[in-house]
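*Asks:* Quick one: sequence plus predicted model below, questions after.
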Amino acid sequence: MDKRAESVEIRSASKAYGAVRALDDVSLNVGAGEFVSLLGPSGSGKTTLLGILGGFILPTSGSILFGGRDVTWMPPHKRDIGVVFQNYALFPHMSVGENVAFPLRARRLPKAKWPEKVRSALAMVGLAGYEGRGVAQLSGGQRQRVALARAMIFEPRLILMDEPLSALDKQLRESMQIELRALHRRIGATIIYVTHDQREALTMSDRVAVMKDGRLIQIDEPERLHDHPADSFVASFIGEATLLPVRRVDGCSVALGNAVLRSARAIPSGDALMLAVHSEKLLIDNGAGDAACNRLTGTVTDVVYQGESLRIFLALADGTGLSLRQPSHHEAHRRIPPVGGSLTVTLHPEDTIVVPKAGA
Amino acid sequence: MLALVSPALLVILLLIVLPVGWLAWQSIYHDGFTLENYRRIVSEDIYWRSFALTFEISLLVTLLALLLGYPVAYAANAVPRGWSVLILALVVLPFWTSVLVRAYAWLVLLQRTGVINQLLRSLDVIGEPLALVHNTFGTVVATVHILLPFMVLPLYATMQKIPGDLMQAGASLGAGPAHAFLRIFLPLSLPGVLAGCTMVFVLCLGFYITPELLGGGRTVMVSMLVSRNVELYSQFGAASAVAVVLLVSVLLIFFVVSRFISLDRVLGQK
């Protein structure tokens, strides 16, 4: 196990504000050195859970363990965790260098050791030589980097991040995601990351915990989460899926209207079933495909050009809407009929995902 | 634009610029141009002592108001919304009664046969009544009380603007409550401290009713010199000169303070 990282154990943590249960009996184990994202819409309890881990919020019940030690009642300044806040929370009256050195001062580290540590922390986030700058002179991305350097300078074994990239524009956000991934590998600390952006969560995390209404719905690796969603909520939240109600036919097939679709996966029990059709998993039928593939024929209702890809909207015979995505290249342009034309698409049984309908 | 503000400018001209100009004129013109009034202020001991005492009392009042006001503003800022409204209401409530009433109320509390002395004597804590009023002590106590809202309100306004997550960030980075307060909250509240102190100090320099009633004639502040010159000696020129010196001192203080923070923050609550 990595000495630089700490495991986190959340044991049935709940937080109630009056009658509202912001967090409802959540249990979660995060391994040392793991990068776990808490993903969910606003109000799903992910920020409450992060607040409990940081020590800013006391849980109504349940307990929190870091590396096996119970820290539920430990005040934040004794937890030794780095926290990166949504709006950076840099100290406006201090220079970049003073901000980054703050944890060293708080830990009464001899002043002689500060400059070297500050220099290497700033170099780590690509801001070498920025010590003397004022916080107000920095761009949003630079502030984010300073906040990162400040949270990492004391080499915490656990770092919490609360939507740290949400205030940045798309391009910067994407490049920071890749940087954070690399940084995580380099420093080896455990990172728990809160986001409402599923793409961000999938890009960076070892595992993603999907939350809804204060409860943990599913925690899995990105691929599993995307291709094996636990229910229709996860399926609709992760990726670009159309969810259609289906009926069970037998153990390995379901009926969508009149069409019977075979699935290579076990059909979940229960009667309320949904088919999750990811738009990238529908392929245009060129006659050469596997005969075992499910085939659906519909009328093209719209073709949307989105730069690198095309999104094609289909209406099946009974009016059910579907969409598929094709990479934007000459071949695809040639094969897509004009609006109003008929198109047959294939869905491989391996990609035929049937999930139980999520409770309201 | 000029047409719109001209009525306001006219009011300011009539009510402020003209009287103050007339005041300044009085101080240098008496049957011809003279600097006699200012010469007296510089040369006569009583003026010096009064100005020194006024500045001393103002400093003391400001310091005490800060020590009392900071925790109150801090509490109002830290507690949930409902409670902070209550605290601020309690701070502002006395504000709505007349200064005269508050000064007399302190007289009732502090005098030889007042509430405090009688209580202490009945408890046998003291034998002889304490001299709590008709001196500098009484003046300072009542002045601090009356000027306290001018300290608390700018402090509160400044504290409200300190983002709450800064203290959380401080704690997460390893700073205990005392360290986080000293390194983060206190420095960020300093503009409010400066604003509140300037307000209280400047208002205290010109305070009249409270020192007149509670100072017992022994604590002669500058404002009282003005009134005595007029009432006892009919020396309008001398009174004007004292007022002008006081006005210039206040303007100087504002000028120095404005080097550090915007005056809007002292006067309004921006």
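*Replies:* Looks like it came in fine. Numbering: from 1, shown residues only, chains lettered A, B, ... in the order given.
*Asks:* Leaving out the residues flanking it, which one is nearest to B:T136?
*Replies:* B:T219 (4.9 Å; C-beta to C-beta, 6 or more residues apart in numbering or on different chains). Backbone N, C-alpha and C define where each C-beta goes, glycine included.
*Asks:* That neighbour against B:E212, yeah?
*Replies:* No. Look at B:T219 against B:E212 with C-beta atoms under 8 Å: they stay out of range, at 9.2 Å.
*Asks:* Comparing these two, which residue is more hemmed in?
*Replies:* Applying other C-beta atoms under 10 Å in any protein chain shown to B:T219 and B:E212 shows that B:T219 carries more neighbours, namely 22 against 18.
*Asks:* Enumerate every residue touching A:V36.
*Replies:* Applying C-beta atoms under 8 Å, 6 or more residues apart in numbering or on different chains to A:V36 gives the contacts A:L28, A:V30, A:T190, A:I191, A:I192, A:Y193, A:S205, A:D206, A:R207, A:V208, A:A209, A:I219.
*Asks:* can you give me the strands for the stretch 101-250 of chain A?
*Replies:* For the stretch 101-250 of chain A, the strands defined by DSSP state E, counting those that start in this stretch cover A:158-162, A:190-195, A:207-212, A:215-220, A:241-250.
*Asks:* List the strands paired with the shortest one, with their directions.
*Replies:* When you say that, I think you mean strand A:158-162. strand A:82-84 (parallel), strand A:190-195 (parallel) (DSSP bridges).
*Asks:* give me the number of residues near residue 120?
*Replies:* Reading this off chain A. For A:S120, the number of neighbouring residues by other C-beta under 10 Å comes to 12.
*Asks:* try chain B instead
*Replies:* Around B:L120 there are 15 other residues, counting by other C-beta under 10 Å.
*Asks:* And it, how far from B:L109?
*Replies:* B:L120 sits at a distance of 12 Å from B:L109 (criterion: C-beta to C-beta, to the nearest Å).
*Asks:* Residue ranges in chain A under the pLDDT threshold?
*Replies:* Scanning chain A for pLDDT under 70 picks out the ranges A:1-3, A:289, A:360.
*Asks:* How is it partitioned into domains?
*Replies:* Here the domain assignment for chain A is A:8-227, A:245-356, based on automatic domain parsing.
*Asks:* Which of the three states applies to B:D165?
*Replies:* For B:D165, the reduced secondary structure class is helix; criterion used: DSSP: H, G, I helix; E, B strand; the rest coil.
*Asks:* what sits against it?
*Replies:* Residues in contact with B:D165, defined by C-beta under 8 Å, 6+ apart, are A:F85, A:N87, A:A89.
*Asks:* re the thing from before, want to try JSON lines for the contacts of A:V36, with distance to A:Q177 and neighbour count as columns?
*Replies:* Formatted as JSON lines, the entries for the contacts of A:V36 read as follows, by distance: C-beta to C-beta, whole Å; neighbours: other C-beta atoms under 10 Å in any protein chain shown:
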{"residue": "A:L28", "distance to A:Q177": "22", "neighbour count": "20"}
{"residue": "A:V30", "distance to A:Q177": "19", "neighbour count": "24"}
{"residue": "A:T190", "distance to A:Q177": "18", "neighbour count": "26"}
{"residue": "A:I191", "distance to A:Q177": "12", "neighbour count": "26"}
{"residue": "A:I192", "distance to A:Q177": "16", "neighbour count": "26"}
{"residue": "A:Y193", "distance to A:Q177": "10", "neighbour count": "26"}
{"residue": "A:S205", "distance to A:Q177": "10", "neighbour count": "24"}
{"residue": "A:D206", "distance to A:Q177": "14", "neighbour count": "15"}
{"residue": "A:R207", "distance to A:Q177": "16", "neighbour count": "18"}
{"residue": "A:V208", "distance to A:Q177": "14", "neighbour count": "27"}
{"residue": "A:A209", "distance to A:Q177": "18", "neighbour count": "25"}
{"residue": "A:I219", "distance to A:Q177": "20", "neighbour count": "21"}
